[in-house]
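sequence first, predicted coordinates after that:
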Amino acid sequence: GFSLNYQKNKTTITSNINYSNGIIEPNQEYNLTYPTYLWQEINNKTNYTNSLSGRLNIDYRLSDKTKIGTEYTYSNSKPLIKSVNKSFIYNRNTIELDSIIRNESRLDFKRNTKSINVYSITEIDTLGKKISFDFDYLNFNSNSNNNFSSNSFYPNNSLIPNSNFIANNGGLQKIDIYTTKLDFEYPTSWANFSFGSKLSFIKNESDVSFFNLTTGNSILDPSKSNIFTYNENIQAFYVSGNKKLSDKLELQLGLRAENTQTTGFSKTLNETTKNNYFKLFPTVFLSYTINEDKLLSFNYSKRIDRPSYSDLNPFRFYTTSFNFSEGNPFLNPSFSENFELSYTYKNAYSSLYVN
């Protein structure tokens, strides 16, 4: 890694660049139990890491009260996963080895992420009132290519006829995210307030293909291929206030309102899924200072947890010709309510919480 920082007069520049390269070798062993068979699987992997990332931030003070800036980040990674999976299949009735399956795979990734942020901060007065504005753009591109082969053997390690299977599955994913945010901090003699709004526009495109190469020809399998697009638009407004009710009691209240529209479209299945929902997310924080060593507090919040883009990507990653993992493009977010009562005594902290 390397970093370079510069500051003179009204300009501040910070930057860094990092490169990593290495190997991790995880080994997995697990059993799969079926009514009449037991599969004992051993999976040996070699994960190769190869990534380059960097960041450049330029900050300029227009005046004593206004500062503007921009930040650019970039990352490029080419991870590689090689794996050898052996499945020993036993007959549960006779406890005898029935057959052995050997799978070899090579999974290549190419991932590229670029993002830019433009911001401004303006101080309105000396009491702490200020306005900040942010615009963000993120672009993510991923190319996945998985080549694997499978062979089945009798218990004496002789090849079972016509058991050979060779395939390639690949996936392209592109994500564009645009976000704008406007925030106000407004302290008064009575209480401190902050409020703002945020708009975000997300577009996720993925193209998954699966080719059977067993015969030597590349044959597309439509049942394992999918072209999918996902759009998500969010409009949010939030406000919070903080006030000392007394020398010992402090209260903070907040409310966030979100309006969300999502559209998922599978071109392969000609299937569209739409969601449109409005949600409120309140927060409450109350603290009571018993004395200089003891503090009692209560915290409540409601949150949303949206699925990651990898969870939405229907790309199938095959570890064997029988086992694969894939994302679900029709996942919905989950919502949680959190309650916590905590007590602090000097450096000791204890809490009772419910989620």
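On my side now, so go ahead.

just name the shakiest helix or strand of the protein by mean pLDDT.
Across the helices and strands of the chain, mean pLDDT, DSSP states H and E gives its lowest value to strand 317-318, namely a mean of 70.

partner strands of the helix or strand just after it and their direction?
Using DSSP states H and E, the helix or strand that follows strand 317-318 in sequence is strand 324-325. Sheet pairing for strand 324-325, assigned by DSSP bridges, gives strand 317-318 (antiparallel).

who touches the strand it pairs with?
For strand 317-318, the surrounding residues in contact (C-beta atoms under 8 Å, 6 or more residues apart in numbering) are 105, 107, 144, 146, 148, 167, 169, 324-326. C-beta coordinates here come from the backbone N, C-alpha and C atoms, glycine included.

what lines up beside the host helix or strand of Ile101 in the sheet?
Counting by DSSP H and E, the secondary-structure element that holds Ile101 is strand 96-123. Here strand 96-123 has these sheet partners by DSSP bridges: strand 66-77 (antiparallel), strand 80-91 (antiparallel), strand 130-153 (antiparallel).

any buried residues in it, and which?
Of the residues in strand 96-123, 98-103, 105, 107-109, 111, 113, 115, 117, 119, 121, 123 count as buried by neighbour count, 16 or more other C-beta atoms under 10 Å.

what do you get for stretch 270-285?
When burial is assessed from 16+ other C-beta under 10 Å, stretch 270-285 yields the following buried residues: 281, 283, 285.

can you add distance to Ser209 and pLDDT and give these back as JSON lines?
As requested, the buried residues of stretch 270-285 are exported to JSON lines (distance: C-beta to C-beta, whole Å; pLDDT from 0 to 100):
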{"residue": "Phe281", "distance to Ser209": "40", "pLDDT": "97"}
{"residue": "Thr283", "distance to Ser209": "45", "pLDDT": "97"}
{"residue": "Phe285", "distance to Ser209": "50", "pLDDT": "97"}
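
of these, closest to Thr46?
When those are compared for distance to Thr46, the smallest value, 43.8 Å, is given by Phe281; criterion: C-beta to C-beta.

would you confirm that that closest one contacts Arg303?
Yes. Under the criterion of C-beta atoms under 8 Å, Phe281 makes contact with Arg303 at 6.6 Å.

Thr11 - how many residues pack around it?
A count of nearby residues for Thr11, using other C-beta atoms under 10 Å, gives 12.

returning to what we had before: any chance of the strands paired with strand 96-123 in a markdown table with distance to Tyr60 and mean neighbour count as columns?
Converted to a markdown table, those look like this (distance: least, C-beta to C-beta, whole Å; neighbours: other C-beta atoms under 10 Å):
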| stretch | distance to Tyr60 | mean neighbour count |
| --- | --- | --- |
| strand 66-77 | 6 | 16 |
| strand 80-91 | 42 | 17 |
| strand 130-153 | 15 | 17 |
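
any chance of CSV for those, columns distance to Gln173 and mean pLDDT?
Formatted as CSV, the entries for the strands paired with strand 96-123 read as follows, by distance: least, C-beta to C-beta, whole Å; pLDDT from 0 to 100:
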stretch, distance to Gln173, mean pLDDT
strand 66-77, 14, 97
strand 80-91, 17, 94
strand 130-153, 4, 94
